[in-house]
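In: Could you look at this predicted model? Sequence included:
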Amino acid sequence: MRETNDTDGGPGASRGSRIRWQVVTLLFAAVVINYIDRSSLSVALPAVSRDLGLDDGVSGLILGAFFWTYAAFQIPTGRLVDRLGARAVLAVAALSWSLATALTGLAATGAWLLGFRLLLGVAQAALFPAATSCVERWFPRDERALASGVYDSGARVGTLLAIPVFSALIAGLGWRLAFAVVGLAGVIWTAVWWRLFRDEPARHPGVSEAELRRIDRPDPAGDGTARDATANPGWSTLLRSRTVWGAVVAVVAQSYVIYFFITWFPSYLIDARGFTLLKFGLLGAVPALAAVAGNWLGGWVSDALVRRGRTVTFARKSCGAGGLLVSASVGAAAVVPGAGAALALLSLSFAGVSFATSVLLTIPADISPPGSSVAGTLQSVQNTFSGIAGITSPLVIGYLKGATGSFVPGLLSAAFVAVLGCLALLFLVDRIDQDVLREGARRSCEPRRTRPRWVPGAERQKPGEVRQP
């Protein structure tokens, strides 16, 4: 028997179930484990390369192989999430990436290591489409950005934890057993996920009637449309949508900036700003901590705007564009004279792009028609281009550094791309609501209007007269 009370089950409620926040906690843990797994080889690479006899070229090939399959399998896994549900797909994906991580410790050659890295990219491709689908099903629109920001901040936490945690495991157990231990964490998470999560809130035994009403209640700033069965918009509708493509451009810009922090940031502080390894160890985590705060703050501010009666379009576009504009401070960091000022501006940039990320992750759920199953597919489209940007960003910044001997052109390119993403979100994205794709699907089903065929002399034809051909 479900408990019934008058609370709406919101974040500050003292009564009633709040299972949806348990779901976000599970997703946060999955993202943390995911990023530790994908970062573990980078930490272990010196020992792995020495034992397997890998040169720098082969090592770089193996590290980059993850992104090939990660980008290529975004759309297939997104479609699977929409068809089979996040519970089953994410459980299989987590077991698979945990297996790939554990098997890395058994690699005897570079070829085997490459194969396990490719498998890791395939398996991890399902995570963010599944997370977006969970947010769309489990959260009202005035809580989705915060939920997205919370689970996405696991990427920053996982990256921060990867170095000390995996280094300690390598020191105590050796790199082969270290991979097995990290892989076991994903197996444990999968068991907890399967036990606690359900695709539909109404099927979860712990969800109260009050929380169900909170999840399904009409949007405070929307049209009051409740969930109903709606045909899924087809690919032609998705690919003709200005909102979809505007969000994709914004995500490309966001990824271009973020991947600087994931790849070149340590080298920049050490080579260009003269940080020692000790100083980097003490201060290098500051931008990542700022990014975690940016994730949470961006989601909270955007949702607060919706709760105060602003349209979802305004709440998402203003916060997303504002965050991307702030992230352009990465360019200013390249030209300020002091190392401390540069670190402060880099922290501001990472916080800004993370502020925007919470919103960008929410857009696929916001524009999915009620009752449809396209949120995972939309997120996978965004992630496909995000992966391409993740491959491109370090290559472009590295090329510019090699050509000029300076990081300045590369960081200025990141600032320029961030501004382009801001403009795309403001001017290319149309409305952000549940009717955008529904109306596009309706228009695609309407018969085309054709002009009558012109006949020579028809303009002189009298009414009622039949002209012989």
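Out: Received the coordinates, thanks.
In: Relative to F407, how far out is Y268?
Out: 5 Å (Cβ to Cβ, to the nearest Å). Bear in mind the C-beta positions are built from the backbone N, C-alpha and C, glycine included.
In: Could I get the contacting residues of the residue nearest to L297 when sequence neighbours are not counted?
Out: Nearest non-adjacent residue to L297, counting by Cβ to Cβ, 6 or more residues apart in numbering: F355, 6.1 Å away. Applying Cβ atoms under 8 Å, 6 or more residues apart in numbering, we find F355 in contact with 294-295, 297-298, 301, 319, 322-323, 326.
In: which element is F355 on?
Out: Using DSSP states H and E, F355 sits in helix 339-360.
In: same check, this time on V419
Out: Going by DSSP H and E, V419 is in helix 408-423.
In: Could you check the angle that helix makes with helix 339-360?
Out: For helix 408-423 against helix 339-360, the angle by axes from the mean of the first three to the mean of the last three Cα atoms, to 10 degrees is 30 degrees.
In: For helix 408-423, buried residues please.
Out: Residues 408-415, 417-423 are the ones in helix 408-423 that count as buried (16 or more other Cβ atoms under 10 Å).
In: And the contacts of it?
Out: 249-254, 256-257, 260, 264, 268, 321-322, 324-325, 327-335, 353, 356, 393, 396-398, 400-401, 403.
In: Among these, which lie within helices?
Out: Here DSSP state H is the test, and the contacts of helix 408-423 give 249-254, 256-257, 260, 321-322, 324-325, 327, 329-335, 353, 356, 393, 396-398, 400-401, 403 as lying in helices.
In: Can you flag the buried ones in those residues?
Out: 249-254, 256-257, 260, 321-322, 324-325, 327, 329-334, 353, 356, 393, 396-397, 400-401.
In: Summarise which helices and strands the helix or strand hosting V48 is packed against.
Out: Taking DSSP H and E as the definition, V48 sits inside helix 19-52. In terms of contacts (3 or more Cβ pairs under 8 Å, 6 or more residues apart in numbering; DSSP states H and E), helix 19-52 is packed against helix 56-72, helix 86-104, helix 110-124, helix 127-138, helix 144-173, helix 175-196, helix 209-216.
In: Beyond the first one, next helix or strand please.
Out: The element immediately downstream of helix 56-72 (helix or strand, assigned by DSSP H and E) is helix 74-84.
In: Quick check: phi and psi at S208.
Out: Dihedral pair for S208: phi -80, psi 160, per degrees, to the nearest 10.
In: Next up, the contacts around G322.
Out: Applying Cβ under 8 Å, 6+ apart, the residues near G322 are 352, 355-356, 422.
In: Make CSV from those and add pLDDT and distance to G186 to it.
Out: Below are those laid out as CSV (pLDDT from 0 to 100; distance: Cβ to Cβ, whole Å):
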residue, pLDDT, distance to G186
G352, 95, 31
F355, 95, 29
A356, 95, 29
C422, 95, 36
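In: Low-confidence regions, this structure specifically.
Out: 1-16, 56, 217-232, 277, 371-372, 436, 438-469 (pLDDT under 70).
In: how does it divide into domains?
Out: 17-209, 234-443 (automatic domain parsing).
In: As JSON lines, those domains with distance to D216 would be great.
Out: As requested, the domains of the chain are exported to JSON lines (distance: least, Cβ to Cβ, whole Å):
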{"stretch": "domain 17-209", "distance to D216": "8"}
{"stretch": "domain 234-443", "distance to D216": "9"}
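In: Of those domains, give the one that comes closest to I215.
Out: With Cβ to Cβ as the criterion, I215 lies closest to domain 17-209 of the domains of the chain, at 5.4 Å.
In: Let's see the distance spanning that closest one from one end to the other.
Out: Start and end residues of domain 17-209 are separated by 9 Å (Cα to Cα, to the nearest Å).
In: Run the chain-centre distance for it.
Out: When C-alpha coordinates are averaged (Cα atoms, centre = their mean, to the nearest Å), domain 17-209 and its chain have centres 13 Å apart.
In: what do you get for stretch 264-276?
Out: 27 Å.
In: how close does V252 get to S167?
Out: V252 sits 33 Å away from S167, going by Cβ to Cβ.
In: same question, W264
Out: As for W264, its distance to S167 is 21 Å (criterion: Cβ to Cβ).
In: the more surrounded of the two?
Out: Between W264 and S167, counting by other Cβ atoms under 10 Å, W264 is the more crowded of the two (21 against 13).
In: With adjacent residues omitted, what lies nearest to the more buried one?
Out: W264 sits nearest to I397 (Cβ to Cβ, 6+ apart), 5.5 Å away.
In: wait, the one you found sits on T404?
Out: No: I397 lies out of contact with T404 (Cβ atoms under 8 Å); the separation is 11.0 Å.
In: Can you give me the neighbour number for A108?
Out: 9.
In: and it, what helix or strand is that in?
Out: Using DSSP H and E, no helix or strand contains A108.
In: Could you find the closest non-adjacent residue to it?
Out: That would be L52: by Cβ to Cβ, 6+ apart, it lies 7.5 Å from A108.
In: my read: that neighbour touches L113, true?
Out: Yes: under the criterion of Cβ under 8 Å, L52 makes contact with L113 at 6.9 Å.
In: Counting neighbours, go ahead and name the busier of those two.
Out: L113 (25 against 16).
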